[in-house]
Every structure is written in C-alpha cells, then in structure tokens.
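Based on what follows, work out the 3D shape:
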Amino acid sequence: MRFFTSRKPALLNFSLLLMFLAAWLMSYILPALKGLIQEDQLFYGTVSHAAIPSVFGGSNVPFFDKTIFQINGDDQVNFVLYASKEMLDDMSDWYSFAAINAGDVPLEVSAARIDEKTFIVHSLASSDGEMDFETLVMDYQVYYGFIGCTIVLAMMLASLILFILWLVKKRRR
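The predicted model follows:
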C-alpha cells in the first residue's frame, strides 16, 4: 500500500515551502529596499565595533553577506553595509574593519535610517579612499534587489499555482 494515494498532499507542502522561502528571502532584502526610499543622513566618526554575521558571513550571496558596524562608541545604533566580496576587497586597500587601526581611521558615512536604531550605508569615505553611492547602491543594492524581488515574485506565483491546484485536484482512492 502506498503512503500517499495521490499527489494532493505534495502540492500543498510545496506551496507552503515556496511561500516560506519567499518570505524568508524577502526578510533579507527588505531592509535594503527600505533604505532606498529614505533620505540619506551624513555621519562622521571612527568605527568602534564591527561584525560580520556568521550564518552567511563570507558567502558573497547578495543581502545575506553583510557587515554591521557602530561608530563613535554608540552601541545603540547599527550601520549595515551591504557589499560584495569584490567591493570589500577593493575597500580593504584603504580601509578594513578587521585592521588593528580600524578604530583610528576617521570615516564619513552616508546612510539611510530604516528604523530607530538601524541605518543602511549608501556611501563610505575616509581620507584614503571611498565607496561611492553609484557603486554601492545603484550597482549593488538596486541591481540585486531587483533580482531578489523577481525571485520572490516567481516563488510566490509558483506557490499560488500549486495552492490552486491543491484546491481543485480530486483525491484518488
């Protein structure tokens, strides 16, 4: 005797799985998208703490791989830097968050507030170099945000189709 007598349970399971994956992916993309519609603010200071989340750190997957840092000893405000491995490698020529003197180098940070304590970095500059708005936001965040939203939309559409098929399919006996 077969465990499933029809494919009907599989339709619902795959529909729910795709819906969950789409929501999970959107939760990673949403902060950067919120930052695109907010007005930039300018901050000056030195980095007091920096961290790369360990779940996807170093994976070079857009929006999963990010650097979170704080400036001027303010542990209540986090700056989130979405950048590719290549961008961080280019940036390491003039600034590295892991360097011994990272806290001594003055930075100019242009960032958009997405909530009370979080800012999304749109440009970063020091006396030795800079990562400009065009490279960081337009070439990375907007480009991969569009690709990510397209993937989320496709997953939600597939989930909806599978759910409708689950509703209309008759179970074999």
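
and the residue nearest to the spatial centre of the chain, helix, strand or coil?
For the chain, the residue sitting closest to the mean C-alpha position, by Cα atoms, centre = their mean, is residue 63 at 2.5 Å. Following DSSP: H, G, I helix; E, B strand; the rest coil, we place residue 63 in the coil state.

How many residues are close by the residue found closest to it once you drop the neighbours it is linked to in the chain?
Distance criterion Cβ to Cβ, 6 or more residues apart in numbering; nearest residue to residue 63, sequence neighbours excluded, is residue 28 at 4.7 Å. From N, CA and C alone the C-beta is placed, and that goes for glycine too. Neighbour count of residue 28, defined by other Cβ atoms under 10 Å: 16.

Would you mind pointing out the helix or strand residue 28 falls in?
Using DSSP states H and E, residue 28 sits within helix 8-37.

So which other helices or strands are in contact with that helix?
When contacts are defined as 3 or more Cβ pairs under 8 Å, 6 or more residues apart in numbering; DSSP states H and E, helix 8-37 sits against strand 107-115, strand 118-125, helix 143-168.

name the helices or strands packed onto the first one?
Okay, so that is strand 107-115. Packing partners of strand 107-115 (3+ Cβ pairs under 8 Å, 6+ apart): helix 8-37, strand 40-45, strand 118-125.

chain center to the last one: distance?
Average the C-alpha atoms of strand 118-125, do the same for its chain, and the two points are 13 Å apart (Cα atoms, centre = their mean, to the nearest Å).

Number the residues from 2 up from this point.
Sure, I'll start counting at 2 from here, so that last one is strand 119-126.
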